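**Student:** Okay, predicted coordinates and the sequence, questions at the end:
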Amino acid sequence: MANQLETGIETSRFDSVLSRESFKGLKAILDNVCSDHDALWAGVNGANSYEELLKKLGYRLTLTNQIHVNDCYARVGATGGIKAVLPYYDIPTQSSFPTLVNLDATVTATPKSAGFFNQMLGALKTQLSAQS
């Protein structure tokens, strides 16, 4: 019973930290690949990289040189194979980090985008461990 309570507190704290503005882009991706907060918490807690986290959640990361976001919206749905188009724009760096969540259990990103979200995952883990 105590272990369940501790897990509930951890996932609640996790949800609170992940909901911060600084993690908005990562949260949008994670919301589209996993709806189970306990599985998400376990994945983040056990992953050492963004790619590893996606793998733990049942997705494979594929990299592409460019993503034309406007063209991708036309491919959302079963015919085009895209589940979600996530055109994240980071104001501090004035950079665009688009991500596609695909129906075939892949996440498509540019190398720059994957690197950015890998750093964001590291920052999330740092903030979570600081609050422990």
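**Tutor:** Looks like it arrived, so ask away. Numbering: from 1, shown residues only.

**Student:** ok, Phe116 touching Pro98?
**Tutor:** No. Phe116 is beyond contact range of Pro98, at 10.6 Å (criterion: Cβ atoms under 8 Å). For the C-beta atoms, the positions are set from N, CA and C on the backbone; glycine is no exception.

**Student:** Could you tell me which residues touch both of these two?
**Tutor:** Counting by Cβ atoms under 8 Å, 6 or more residues apart in numbering, Phe116 and Pro98 have no shared contacts at all.

**Student:** Sort out which residues of the helix or strand hosting Asp71 are buried, please.
**Tutor:** In the assignment (DSSP states H and E), Asp71 maps to helix 69-73. Within helix 69-73, the residues that qualify as buried are Cys72, counting by 16 or more other Cβ atoms under 10 Å.

**Student:** what does stretch 125-132 rub up against?
**Tutor:** Identification of contacts with stretch 125-132 by Cβ under 8 Å, 6+ apart yields 13-14, 17, 44-45.

**Student:** Going along the chain, name the strands of this protein.
**Tutor:** Secondary structure of the chain (DSSP state E): strands located at 60-63, 82-90, 95-102, 106-109.
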